[in-house]
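J.: My questions are about this predicted structure, shown below with the sequence.
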Amino acid sequence: MLKKEIRYDVQNHIISNCKDKQIFLQEINGFTEHLHCLLSLGRTRTIANVLQLIKGESSNWINKNKFMPEHFSWQDDYYAVSVSELQVKRVIQYIRNQELHHAKKTFEQEVDEFMERYGWVKSNSSDG
């Protein structure tokens, strides 16, 4: 869990790391159990590659600096969608307002709403 005391340090570190790796990170923010990133992928980058760089490096940094009493790691999966230019400002506002947003709705409630809205089915890890 990313407590507020360290969340902004982690986000600032990710911003710096993205600059170093020439990853165009337009916006980042989150809440205790997740982060949202608005990224622009270059023609040689994939979502999986960029997220591996961001998640792997940031979890190493968190552990090296002992921000958590236990070993920290991001979950293996992620959710990614493309955003049209017409929706970028709206997405930025959504990302910036995470604390306010999650004061009204939990992350689990939000995931369930997405699942229902788009007809997705949760996969069970035991399904293989």
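T.: Sure thing, it's come through.
J.: List the contacts of I62.
T.: Residues near I62 by CB atoms under 8 Å, 6 or more residues apart in numbering: I6, V10, M68, F72. For the C-beta atoms, the positions are set from N, CA and C on the backbone; glycine is no exception.
J.: buried sites along whichever strand or helix holds the first one?
T.: If I follow you right, that is I6. Assessed by DSSP states H and E, I6 sits inside helix 4-20. Buried residues in helix 4-20, counted by 16 or more other CB atoms under 10 Å: I6, R7, V10, Q11, H13, I14, N17, C18.
J.: and if you look at stretch 56-67?
T.: E57, S58, S59, W61, I62, F67.
J.: Narrow those residues to those in strands?
T.: Using DSSP state E to define strands, no part of the buried residues of stretch 56-67 is located there.
J.: which of the residues you listed lies closest to D77?
T.: S59 (14.5 Å; CB to CB).
J.: Where do the strands of the chain begin and end?
T.: Counting by DSSP E, the strands of the chain are 24-31, 34-40.
J.: Report the strands that pair with the longest one, each with its relative direction.
T.: Using DSSP bridges, the neighbouring strands of strand 24-31 in the sheet come out as strand 34-40 (antiparallel).
J.: Give me the distance from the strand it pairs with to the chain's centre.
T.: Centre-to-centre, strand 34-40 and its host chain are 5 Å apart (CA atoms, centre = their mean, to the nearest Å).
J.: next one: stretch 50-63
T.: 11 Å.
J.: ok, I6 touching F67?
T.: Yes. The criterion here is CB atoms under 8 Å, and I6 meets it with F67 at 4.7 Å.
J.: Kindly give the local confidence score, pLDDT, for the residue nearest in space to the middle of the chain.
T.: With distances taken as CA atoms, centre = their mean, the residue of the chain nearest its centroid is L35 (3.1 Å). Here the pLDDT value assigned to L35 is 88.
J.: Number of residues surrounding the nearest residue to it once chain neighbours are set aside?
T.: Spatial nearest neighbour of L35, chain neighbours left out: I28 (6.3 Å); criterion: CB to CB, 6 or more residues apart in numbering. By the criterion of other CB atoms under 10 Å, I28 has 19 neighbours.
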